[in-house]
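*Asks:* Predicted structure and sequence below. I'll ask about it afterward.
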Amino acid sequence: MTFLDVRDLSVHAGTTAVVRDVSLRLEESQTYTLLGETGSGKSLLAQAIMGNLPAGLRSSGSITVFGETSTADETVKRRRLWGHSMALLPQEPWLALDPTMRVLSQVAETYQRVRRPSESRESARKRATGDFLTLGLEGAERKLPGALSGGMAQRTAFAAVRSGGARLLIVDEPTKGLDAGLRDSIVSMLKQVAANDGAVLTITHDVAAARSLGGTIGVMLDGEIVEQGPAAQVLAEPRHDYTRRLLAADPQTWGPRTQPPPLGPVLAANGLSKRFGHHQLFANLDIEIAADERFAVIGPSGSGKTTLGGMLLGLVPPDSGSVWRRSDVPAWKFQKLYQDPIAAFAPRASLRTSLRDVVSRHNLGWKEVEKWLDRTRLRASLLDRLPDQVSSGELQRIALVRVLLLRPVLLVADEPTSRLDPITQQETIELLAECLVDAGCALVLVTHDPAIAGSLASRVLTLNPPSPPAP
Amino acid sequence: MTVARLFLRRLVQALLVSLMVSTLSFFMMRALPGDAAMRVAAARYGHDLVTARAADAVRAELKLDRPVASALFSWWGDVLRLNLGTSAVTAAPVVDEVSHQLGYTIRLALASMGIALLFGLVLGVLCGLWPGSVFDQAWRALAAAIRAVPPFILGLLLIVAFSVEISALPAAGTMDSTSLVLPALTLAVGLSAGLIRVTRDALKSVTESGYFAFARTKGLSLNQALLRHALRNAAAPVTAYLSVQLVFLIEGVVAVETLFAWPGIGHALVHAIYARDVPMIQGTVMAMALLFVCLSALADFAILAIDPRRR
Amino acid sequence: MTTSSAFKPMTRWQWAGLAILALTALFSLVAPVVGGDPLVQDLDHVMVKPSAASPLGTDHLGRSMLARLGHAARLSLLLAALSVLTAAIPGAVLGVAAAWRSRWTDTMLSTIADGVLALPGLLLIVLLTAFAPGRFWPFYVGLSLALWVEYFRVVRASAQSLLRGPQVEASRLLGFGPAYIVRRHLLPELFPLLRTLMTFGAATSVLSLAALGLVGVGLRPPTPELGTMMIELLPHYQEAPWLIAEPILILLFAVTGLALVAGEREFR
């Protein structure tokens, strides 16, 4: 049976078409993955299908859900299907949970009030508790969303959405902000939904997730579907140029890079350990990093890798152990790149001003800046803007320039590309690797993606996930 | 913040403020011109009958004959045991006078809060549910205009409008329920103007939030989503706002009680200042400050009860 | 990690408020000069209507309303400016100190601030006026003491989150010292906050002075002050309604101007 049939769906913002003539079909037990980057219109497409586009946008085309056809703008008709027939799992699920209501209730209330036939209060709670057990959320029932980790919030939202009983599930960026291990678990949950008489429409930029999901893939660029077909085929033999670039940007397809020859040590750490609350993050860690070396630290969220990076730079004191850094160079030769580049700049100073500050503090010439701007393929005119007026990818490159001006000997890059689209991510990692070779700088890359780590680094340190707290 | 810690914090505040007020009053007693002891004695025994011996006895009572340090400690001791002396005007024990007046002030405070909550919350919710509508914009503009008018001017205007013009509601005089209307209304109008705005903003931000949208898309009806998710989340900032407004309430009480001759603590304070009645000044200021701390504590507990994140 | 709001240009409401304030300030500078002596009584020309000779009329003792209002406005604005500055500068400095220095400094300062908060500002001022009834200094001292706490708390909260955040961490790593951090990170964030607080504080000062004048514990007559003028002129409301309207309007004007400049944040 066809669960969802979309024909010539378009979404307009004023006179501009942000989604253009999209057609797709989703049959029972199938998965369809819409693959595209930020700005491709994929989230708007999902909202148009559901019927909750933001105000100011118009839609046209026809949408048939479980055999019931409506024009795209007849949203009231589709709204009646919400929860018990058709459901949406939104991006960043930790924002979708009521911060002041205990999580079990947020799942139980859907059993009680939305599902058809509806459950009584007691049986709703029983079923919700059962779901928590199945999803590995045991013990979290009475918690508030703020106390949950990203992965747990994801699973809670998933449970809340499923408890309505909907068989058609639309999922928006399920792997955003999650590390590799969690990505796999959410993908398998989605596949199970499809297997159990459901159907899933997934919207994502994560090529690895698309690969895992299988089913049908539609590649979206600038509001249009540029290529569509069975997953295996599209991934193995992409026909459209953009699809090829997107696939090439998946770190799993990168080969290992050539490593520079090893030199003397620039940093050595002995017996590092750190405790966070009840978790022992790591203990008795010994690390030695040679100049020019590329070293990666991987682990899931909460494993302490950012803390470890901070420790190596002397920003965070270890509970025990010590860190030695080359003493013949000033402290500012050890630098850091931040996960969220915008947080690392003074928000009210133009980028030119911030760079000038560094230039005058260290008695450099502006020529140095120009050289690195050239190297990172940045237009000088960008510098006159404020940090929030520049894209994340560009800002991260400017942050890189700022750091390279100091000719550092060691750079700790803390998840430098996790917030970026795949193609931008690939470009940024390339640049990072090249520039560091030019500058003769060692790299400590902190990441949750083993593929990136494996491709870039000569040695990888894996941190274990924090042991679950005692109940 | 647990209940115990909150309670402790307010207790410490209460002690600190009592200490501050009593210290200031102590030095005031010694700084003011004229013989304070003689005045208190004269009030107690009558101006014609007061003797030097009686004045000396009072002087000892007020510790004016002792050196500053020991007198100050002794003064604090008295205050902590709720021995606030006797009024320099009526010779009655300060504690008795103040407790009597406190009753009036609490009635005024409750009446004002009641009116403000009724009016402000209802209008705020209505505005918040239809943000941007004509209704919303009109009430917001009105509320903003009223907010700019301080309570004592509002009180003046109300006196002028209702009493002198219409002679319907009394401005001052008898202490029954009708004479409570104008002073309560004066305070309530300012309070509700702010409340409308805050309630509206809180409700609007909640209905525009991700979790509200999710509650709807997972299938809850509008009413269900509002009752189960919006109300509690909007109540938190509204309660926080109300606790901040307590300062406004206590300060407004002074002006409003004086204007309308409502015999509460604020009124008594002003008269005590005219009469340089230091024991009464100390008593009334302390009563108001402690009332403020109490109400703040109640607000703390209310917030704790509403917002589970705080526990 | 939240970033601070981008620098917002003044809205037209804020410009309007600034214009109103400028007018009030102008009035307070010009009127006392033009209006003559505010204390001179002229019992032959009592409660004269506004005319060319006396632009705002005369009060029940024949004194020029123009002169009295001008002096009263000047007094209020001066007191507001003085007490706000006296409160803001130490308050902000202590706030930064509490955020930057040891936990002990922070705890100590915060406890003191908490204690002061327990006593509503107006009560503190009233208590101080009892020391020296009718004099100027209790208002100035009382207002400053009541106001500084807010600057302290707001600055402390803002500075704390900044100093612990990646912005400042990055600058420290790049080799910048405390002076740079204050200049490039703290001050640009604090200025808008302080600006808003200072305008609110000024409005509070003006209102507090008038409120106390109204209930009779303000500055001693014959010193012209808006609140005392209101209570003096109230009995004559029916014969000469414009008289009591004048100080009320000036007060509302000044406060509205300040509230508009301060912006959208909730007043009080």
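*Replies:* Ah, there it is. Note that the coordinates shown come from a computational prediction; the quantities given were computed from them, not determined experimentally. Numbers count the residues shown, from 1 in each chain, chains lettered A, B, ... in the order given.

*Asks:* Which positions in the stretch 251-400 of chain A make contact with chain C?
*Replies:* Along the stretch 251-400 of chain A, the residues adjacent to chain C under the rule C-beta under 8 Å from any C-beta of the partner chain are A:313, A:315, A:330-332, A:334-336, A:338, A:340, A:342-349, A:354, A:357-358, A:361-362, A:386-388. Yep, even glycine has a C-beta here, placed from its N, CA and C like the rest.

*Asks:* Restricted to strands, list these.
*Replies:* Mapping these onto strands (DSSP state E) picks out A:334-336.

*Asks:* from those, which are also near chain B?
*Replies:* If you filter these for contact with chain B, counting by C-beta under 8 Å from any C-beta, you are left with nothing.

*Asks:* rewinding a little: of the residues of the stretch 251-400 of chain A next to chain C, buried ones?
*Replies:* Taking 16 or more other C-beta atoms under 10 Å in any protein chain shown as the criterion, what is buried in those is A:313, A:332, A:334-336, A:338, A:340, A:342-349, A:354, A:357-358, A:361, A:386-387.

*Asks:* Tally up the residues packed near residue A:120, please.
*Replies:* Neighbourhood size, residue A:120 [other C-beta atoms under 10 Å in any protein chain shown]: 10.

*Asks:* Quick check: nearest residue in space to it, chain neighbours excluded?
*Replies:* The spatially closest residue to residue A:120, leaving aside those adjacent along the chain, is residue A:112, at 7.3 Å (C-beta to C-beta, 6 or more residues apart in numbering or on different chains).

*Asks:* and which of the ones in strands among the residues of the stretch 251-400 of chain A next to chain C is nearest residue A:270?
*Replies:* If you rank these by distance to residue A:270 using C-beta to C-beta, residue A:334 comes first, at 17.3 Å.

*Asks:* which parts of the stretch 151-300 of chain B sit against chain A?
*Replies:* Proximity of the stretch 151-300 of chain B to chain A is assessed by C-beta under 8 Å from any C-beta, with B:209-211, B:213-220, B:224, B:228-229, B:232-233, B:236 identified as the residues in range.

*Asks:* Are any of these buried, and if so which?
*Replies:* When neighbours are counted using 16+ other C-beta under 10 Å, those contain these buried positions: B:209-211, B:213-220, B:228-229, B:232-233, B:236.

*Asks:* circling back to that earlier point, any chance of the ones in strands among the residues of the stretch 251-400 of chain A next to chain C in JSON lines, plus distance to residue A:280 and pLDDT?
*Replies:* JSON lines is the format used below for these (distance: C-beta to C-beta, whole Å; pLDDT from 0 to 100):
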{"residue": "A:334", "distance to residue A:280": "26", "pLDDT": "92"}
{"residue": "A:335", "distance to residue A:280": "29", "pLDDT": "93"}
{"residue": "A:336", "distance to residue A:280": "25", "pLDDT": "94"}
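
*Asks:* which residue does chain A bring closest to chain C?
*Replies:* Of all residues in chain A, residue A:332 sits closest to chain C, with a separation of 3.7 Å (C-beta to the nearest C-beta).

*Asks:* Contacts only, for the residue of the stretch 101-250 of chain C at minimum distance from chain A.
*Replies:* Relative to chain A, the nearest point of the stretch 101-250 of chain C is residue C:175 (3.7 Å; C-beta to the nearest C-beta). Neighbour list for residue C:175: A:330-332, A:361-362, A:406 [criterion: C-beta atoms under 8 Å, 6 or more residues apart in numbering or on different chains].

*Asks:* Show the pLDDT at it.
*Replies:* In the prediction, the pLDDT value recorded for residue C:175 is 91.

*Asks:* residues near the residue of the stretch 51-200 of chain B found nearest chain A, how many?
*Replies:* In the stretch 51-200 of chain B, the residue found nearest to chain A is residue B:132; the distance is 10.4 Å by C-beta to the nearest C-beta. Around residue B:132 there are 9 other residues, counting by other C-beta under 10 Å.

*Asks:* Phi, psi for it please.
*Replies:* For residue B:132, the backbone dihedrals (degrees, to the nearest 10) come out as phi 90, psi -10.

*Asks:* so the residue nearest to residue C:62 when sequence neighbours are not counted is in which element?
*Replies:* Nearest in space to residue C:62, with sequence neighbours left out and distances taken as C-beta to C-beta, 6+ apart, is residue C:42 at 3.4 Å. Using DSSP states H and E, residue C:42 sits within no helix or strand.
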